[in-house]
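Student: need coordinates for the following:
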Amino acid sequence: NRAARVGNAIRGVVGKGGSSGGKAKDKEKNSATVDDGKYSVITEESILELVDVSRAGCMNESASHPLSSILTNKTSQKRRAAAISSSSFLESDADEQLLIVLPFKQAVKPRAVVLQAKLHDSAPKTVKIFVNMPNLDFQDAEDADPTVEFTMENEKATLKLPATKCNCVSSMTIFIEDNNGADTTVLHHLDIIGKK
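Tutor: Numbers count the residues shown, from 1 in each chain. The predicted model follows:
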């Protein structure tokens with residue numbers, strides 16, 4: 001029920017605001033580069049600590065496994081590797097979709113988004129990233145042209161973001177549109193790599 005999901009809405013997210021700078025004329029221009037190998041392919045550091053967690057939120061999150069379960073600043077390689085086996089994870093509720101909104105405490109320059117999930121039917125599949133568009137609902141996210149879009153095929157994916165579109169970002173919205181066939185989606189790890 002779409003209305004019920006929107007009722008599980010993001011509280012206190014930034015007011016009416018930003019746009020992504022217009023829709024891209026060619027969806028291929030929004031294609032992202034995904035690195036499914038070593039995390040060290042990205043040289044910048046985690047900026048997850050710059051997310052304003054008091055205003056962050058997730059639509060359609062499970063009450064028992066909310067966004068706060070994974071919204072922590074995991075800075076070591078060891079903890080990132082262990083994330084997949086952790087009992088802390090984000091799970092969707094009514095169906096497979098998740099809409100995560102991450103406002104930042106200051107303008108940042110994100111260069112990559114790191115997602116990790118067990119190779120299972122519940123793992124995210126189609127993921128869309130929007131910058132400076134904090135007020136999207138599910139219908140908006142399905143209809144709008146994302147900043148980048150990619151398909152997650154492995155247990156861990158590092159999505160490189162285009163610097164030309166991400167040099168002054170006040171918020172990031174991550175739309176997990178579908179998974180690999182399960183009723184709900186499970187995400188074990190989320191990180192944002194970049195610089196202030």
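Student: show me where the protein has strands.
Tutor: All strands of the chain, identified by DSSP state E, fall at 33-35, 45-46, 57-59, 90-91, 98-116, 126-131, 148-151, 156-160, 169-176, 186-187, 189-195.
Student: a markdown table for these, including mean pLDDT?
Tutor: Written out in a markdown table, the entries for the strands of the chain read as follows (pLDDT from 0 to 100):
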| stretch | mean pLDDT |
| --- | --- |
| strand 33-35 | 50 |
| strand 45-46 | 92 |
| strand 57-59 | 98 |
| strand 90-91 | 96 |
| strand 98-116 | 97 |
| strand 126-131 | 98 |
| strand 148-151 | 95 |
| strand 156-160 | 93 |
| strand 169-176 | 98 |
| strand 186-187 | 96 |
| strand 189-195 | 95 |
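Student: kindly state the beta-bridge partners for the nearest residue to I47 once chain neighbours are set aside.
Tutor: Nearest non-adjacent residue to I47, counting by CB to CB, 6 or more residues apart in numbering: G194, 4.8 Å away. C-betas here are computed from N, CA, C, even on glycine. Taking DSSP bridges, one finds E45, P110 as the beta-bridge partners of G194.
Student: what pLDDT does S87 get?
Tutor: Per-residue pLDDT puts S87 at 79.
Student: now for the nearest residue to C168 once chain neighbours are set aside: which residues touch it?
Tutor: The spatial neighbour of C168 that comes closest, neighbours along the chain excluded (CB to CB, 6+ apart), is A107 at 4.9 Å. For A107, the set of contacting residues under the criterion of CB atoms under 8 Å, 6 or more residues apart in numbering consists of C168, V169, S170.
Student: next: F130.
Tutor: By CB under 8 Å, 6+ apart, the contact list for F130 reads S20, L136, A141, A144, P146, T147, M172, T173, F175.
Student: swap the cut-off to 10 Å and go again
Tutor: 18-20, 99, 101, 136, 140-141, 144-149, 171-175 (CB atoms under 10 Å, 6 or more residues apart in numbering).
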